[in-house]
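Q: task: produce atomic coordinates for the following.
(2 chains)
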Number of protein chains: 2
Amino acid sequence: MTDKTNSKTPGLSRRSLLKAGFAAGAVAGTAGAARAAGDPLITEIQDWNRYLGDGVQARPYGTPSEYEAHVVRRDVEWLTASTESSVNFTPLHELDGIITPNGLCFERHHGGIADINPADHRLMINGLVDSPLVFTMEDLKRFPRENRVYFLECAANSGMEWRGSQLNGCQYTHGMVHCVMYTGVPLKLILEEAGLKTNAKWVMPEGADASAMTRSIPMEKALDDCLVAFKMNGEALRPEQGYPLRLVVPGWEGNMWVKWLRRIEVGDEPWHQREETSKYTDLLENGKARRFTWVMDPKSVITSPSPQAPITHGKGPMVISGVAWSGNGRIKRVDVSLDGGRNWKTARLDGPSLSKAMHRFYLDIDWDGSDMLIQSRAMDEHGFFQPTKNELRAARGENSIYHNNGIQTWYVKADGMVENVEVS
Amino acid sequence: MTDKTNSKTPGLSRRSLLKAGFAAGAVAGTAGAARAAGDPLITEIQDWNRYLGDGVQARPYGTPSEYEAHVVRRDVEWLTASTESSVNFTPLHELDGIITPNGLCFERHHGGIADINPADHRLMINGLVDSPLVFTMEDLKRFPRENRVYFLECAANSGMEWRGSQLNGCQYTHGMVHCVMYTGVPLKLILEEAGLKTNAKWVMPEGADASAMTRSIPMEKALDDCLVAFKMNGEALRPEQGYPLRLVVPGWEGNMWVKWLRRIEVGDEPWHQREETSKYTDLLENGKARRFTWVMDPKSVITSPSPQAPITHGKGPMVISGVAWSGNGRIKRVDVSLDGGRNWKTARLDGPSLSKAMHRFYLDIDWDGSDMLIQSRAMDEHGFFQPTKNELRAARGENSIYHNNGIQTWYVKADGMVENVEVS
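A: Residues are numbered from 1 along each chain as shown, chains lettered A, B, ... in the order given. Predicted structure coming up:
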């Protein structure tokens, strides 16, 4: 779906907004929101109590309820010139836990979705190897395999926010990220099968789609934790995620996770392809560009409340929910502020804590109904913190659109509506 | 989809099949299966390299590749009289890892799929409580919540195999199990909100569907790890899994996980409802029935190779893959036999090890192309082992269809085809 309401607002700067008096209580409470006795929806027999529903043959492959039709990936019409080289966004504000359902994982293509019959797919290993090899999908499934949960974040996630708050919803500001369980063969095993020459220092995965995406990856990473993956969340990769084969490069920027993977060339130096020079490099204030910013630094965002998920129940007990991730490893702590960064409380991390995977955090509060400026700040196991957006700009200027892991602020109004703002 | 080929074969007993000479090597090997040079599928430009594919607006909610159309839930036509009170099965033989995609989680209904608008759904807590309460979905989402990965297994899973091998595929013999990440509110918090009277010893969840499913659960379990869940794998529950609300009863038999949960009654003794007396009890050899068999004991099955997933690549390196689970906690070890239980090797467990969740195991072998009788045997962290089917029958007779966690045997023939058999 396309959201036409997220038009550019170039004249509007919200950076200096800061209000006093965000006195929301922060003690976890219980809901205490029982209905009055006699609600006919519980006292009376309803149609769905009375009549048989659909049977087991209705949907051999299941789909969401019709009441969840609004939970979809969305694109932003003005953001890209063509749908084939474009992006849509994960509806983070509607999700919980740490697993992204396959049907809701954001898409980013450079030449559209390649339509490949797996029987016709091949993976070639060539270059500085003892034996160049070509594998079918069946060949690859004969290697020992692993299962790992990893987040994947596009380097341009939050890119539209470098110069000020712009897109009104975490689906758009932070939705170029997803997290699934991959099943695949360690790239190390495949490279060892071909035999690496002593001067083999880099690999270049290449996609089979019309854009033939190529990136340079140092051998140390290729031999560490990269996977040649054929399944996500238990089933075959989705077409838009590289079916039948994609490279998994844990913790590193998304376009290195080459989809529709058809070839891995082994070399002695990086190739400096288009998508790692004119694109996916950070242009600094002085006009120079940083070469190779691979690791996705710690980041977090509050998913609810947020502009697309306002508070509709009034004051009282409520859940502030969000996600955090780091390309360096596990998330150790997430802090939440209700007053624009003046005071911080440690959020509750809940669910499995897995390296280079999403983590879910909650702060259970008793909202007094007054305005809040809510923020989250992630810290990973190596002690790396999210910076403020202004700290990020001071260090890197305003020329880049990549690698924005600055702290996000949502302005929660007394009526429960939420807006994307910045605080100075 | 319905599989009509799985007809009953009452005259056929495969129990005594045992062949000698299953001399498959068991050393992990690499694939070594590179294609000859010059395969045009890698040397020539293909259509999917040449032309742009579909763009990001094609599927707001994604679906699997057209080449995966065979990966669906299937029912067995003769197994039940109506589709509304019936079952279909997870295609375990096509899956990997430990997460079941929502669209492939098996279904078991007693009155069809209730079609409920979440705005109209209510949950009532009544009985031996200080304050009877009625909650909307929004009310429930104001309580602190948790995220946990749990398997759910129907008590009747493998039930058709009690009296001998019958259904030719692990989708049918073991496919009434799935494993997803749930998000929900601890039942404990909701019961505490209502306030438990001192004689409150049991709870009875009730479904809002036409069958009004009811079960008795002891208070100790209700206050331990039960969840009132509204999400699975990050998104809203699927309609066939109880949308918008289901009870999660970790490690215990599936029909206690009441779907379309509308009421929880608190009492001082069990209710002995239909689905825990005339059904879902184990009828023993002497005609007496066991009351309340709640915990699903350790169990495992090899998913590939299996009758629906034969070996198609001939001898050489290959992966034996399977799943194991236990209602008691974590799986500690899985052993695999290639010769019908004479010799056992410890399989490699891979992926997160989470309590009361599925575990994935692999044995990487170098198959010499001769017949095998492959089995798996799970042990949980408390030291409980899977029994053989004959040990199970000796203890419990042949009257039951529930709680069959006996060791499954697949007969792998030299041509790669696989059959469901038993060994004596």
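
Q: residue A:300 and chain B, how far apart?
A: Per CB to the nearest CB, to the nearest Å, residue A:300 is found 16 Å from chain B. For glycine as for every other residue, the C-beta is placed from the backbone atoms N, C-alpha and C.

Q: in a strand, that's where that residue is, yeah?
A: Yes - membership of residue A:300 in a strand is supported by DSSP: H, G, I helix; E, B strand; the rest coil.

Q: am I right that it is in contact with residue A:374?
A: No - proximity of residue A:300 to residue A:374 does not meet the contact threshold set by CB atoms under 8 Å, at 11.6 Å.

Q: so those two - more neighbours on which side?
A: More crowded of residue A:300 and residue A:374, by other CB atoms under 10 Å in any protein chain shown: residue A:300, with 28 against 24.

Q: so who does the more buried one touch?
A: By CB atoms under 8 Å, 6 or more residues apart in numbering or on different chains, the contact set of residue A:300 is A:322-325, A:331, A:334, A:361, A:376-378, A:386, A:408.

Q: can you list the low-confidence ranges for chain A?
A: Counting by pLDDT under 70, chain A contains low-confidence residues at A:1-37.

Q: what's across from the residue most central in space within it in the sheet?
A: Closest residue to the average C-alpha location of chain A: residue A:177 at 1.0 Å, with CA atoms, centre = their mean. Beta-bridge pairing of residue A:177 under DSSP bridges involves residue A:153.

Q: which residues touch it?
A: Residues near residue A:177 by CB under 8 Å, 6+ apart: A:90, A:92, A:106, A:151-154, A:157, A:323, A:325, A:358.

Q: count of neighbours near residue A:79?
A: By the criterion of other CB under 10 Å, residue A:79 has 18 neighbours.

Q: break down the stretch 301-424 of chain A into its helices, ranges please.
A: Here the stretch 301-424 of chain A has its helices, by DSSP state H, counting those that start in this stretch, at A:389-396.

Q: show me chain A divided up by domain.
A: Domain segmentation of chain A under automatic domain parsing yields A:2-29+A:297-421, A:118-290.

Q: from the ones you listed, which stretch is densest packed?
A: Highest mean neighbour count of the domains of chain A: domain A:118-290, a mean of 21 (counted as mean count of other CB atoms under 10 Å in any protein chain shown).

Q: before we move on, back to that, out of the contacts of residue A:177, list just those in strands.
A: Counting by DSSP state E, the part of the contacts of residue A:177 found in strands is A:151-153, A:323, A:325.

Q: and the two most separated of these?
A: Greatest spacing in these, by CB to CB: A:152 and A:323 (13.1 Å).

Q: now the residue in the stretch 251-400 of chain A positioned nearest to chain B: closest residue in space, sequence neighbours ignored.
A: As assessed by CB to the nearest CB, chain B sits closest to residue A:351 within the stretch 251-400 of chain A, at 3.5 Å. Nearest residue to residue A:351, sequence neighbours excluded (CB to CB, 6 or more residues apart in numbering or on different chains): residue B:147, at 3.5 Å.

Q: surely the one you found forms part of a strand?
A: Yes - counting by three-state DSSP, residue B:147 falls inside a strand.

Q: now do the contacts for it.
A: Counting by CB under 8 Å, 6+ apart, residue B:147 has contacts A:96-98, A:350-352, A:360, B:181-183.

Q: for those, which one is nearest residue B:44?
A: Comparing those against residue B:44 with CB to CB places residue A:98 closest, at 41.9 Å.

Q: can you tell me how far the closest one sits from residue B:74?
A: Per CB to CB, to the nearest Å, residue A:98 is found 30 Å from residue B:74.

Q: residue A:182 now?
A: From residue A:182 to residue B:74 the distance is 26 Å (CB to CB).

Q: kindly report the same for residue A:331.
A: Taking CB to CB, one finds residue A:331 at 40 Å from residue B:74.

Q: leaving out sequence neighbours, find the closest residue to residue A:252.
A: In space, residue A:252 comes closest to residue A:294 once its chain neighbours are excluded; the distance is 4.6 Å by CB to CB, 6+ apart.

Q: close enough to count as contact, the one you found and residue A:254?
A: No - the criterion here is CB under 8 Å, and residue A:294 misses it with residue A:254 at 11.0 Å.

Q: what about stretch A:44-63 and chain B, any contact?
A: Yes - Stretch A:44-63 is in contact with chain B by CB under 8 Å from any CB of the partner chain, via A:46, A:48-63.

Q: got the contact list for the closest residue to residue A:286 other than its chain neighbours?
A: Nearest residue to residue A:286, sequence neighbours excluded (CB to CB, 6+ apart): residue A:397, at 7.7 Å. Neighbour list for residue A:397: A:283-286 [criterion: CB under 8 Å, 6+ apart].

Q: show me those residues that map onto strands.
A: Taking DSSP E as the definition of strands, those contribute residue A:283.

Q: turn the contacts of residue A:397 into a markdown table, columns for distance to residue B:263.
A: Below are the contacts of residue A:397 laid out as a markdown table (distance: CB to CB, whole Å):
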| residue | distance to residue B:263 |
| --- | --- |
| A:283 | 60 |
| A:284 | 62 |
| A:285 | 62 |
| A:286 | 67 |
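
Q: before we move on, the earlier item: out of the residues of stretch A:44-63 next to chain B, which end up buried?
A: For the residues of stretch A:44-63 next to chain B, a burial check counting by 16 or more other CB atoms under 10 Å in any protein chain shown picks out A:46, A:48-49, A:52-63.

Q: with adjacent residues omitted, what lies nearest to residue A:322?
A: In space, residue A:322 is closest to residue A:302, 4.1 Å off (CB to CB, 6+ apart).

Q: was I right to think that neighbour contacts residue A:376?
A: Yes - judged on CB under 8 Å, residue A:302 makes contact with residue A:376 at a distance of 5.1 Å.

Q: which residues are in contact with both of those two?
A: Jointly contacting residue A:302 and residue A:376 under the rule CB under 8 Å, 6+ apart are A:322, A:336, A:408.

Q: quickly list what the residue nearest to the last one when sequence neighbours are not counted is bridged to.
A: Counting by CB to CB, 6+ apart, the nearest residue to residue A:408 once its immediate chain neighbours are dropped is residue A:301, at 5.1 Å. Beta-bridge pairing of residue A:301, defined through DSSP bridges, involves residue A:323.

Q: what sits against residue A:301?
A: A:92, A:170, A:173-174, A:322-323, A:376, A:408.

Q: and if you look at residue A:127?
A: Going by CB under 8 Å, 6+ apart, residue A:127 touches A:200, A:204, A:265-267.

Q: ok, and the closest non-adjacent residue to it?
A: In space, residue A:127 is closest to residue A:266, 3.8 Å off (CB to CB, 6+ apart).

Q: neighbour count for residue A:98 and residue B:74, which is higher?
A: Neighbours were tallied for residue A:98 and for residue B:74 using other CB under 10 Å; the higher tally belongs to residue A:98 (27 against 23).

Q: for that one, which three-state class applies?
A: Under three-state DSSP, residue A:98 comes out as coil.

Q: just to revisit the earlier point, kindly indicate which of the contacts of residue A:301 lies nearest residue B:317.
A: Comparing those against residue B:317 with CB to CB places residue A:323 closest, at 39.1 Å.

Q: please tell me how far the closest one sits from residue B:97.
A: According to CB to CB, residue A:323 and residue B:97 sit 21 Å apart.
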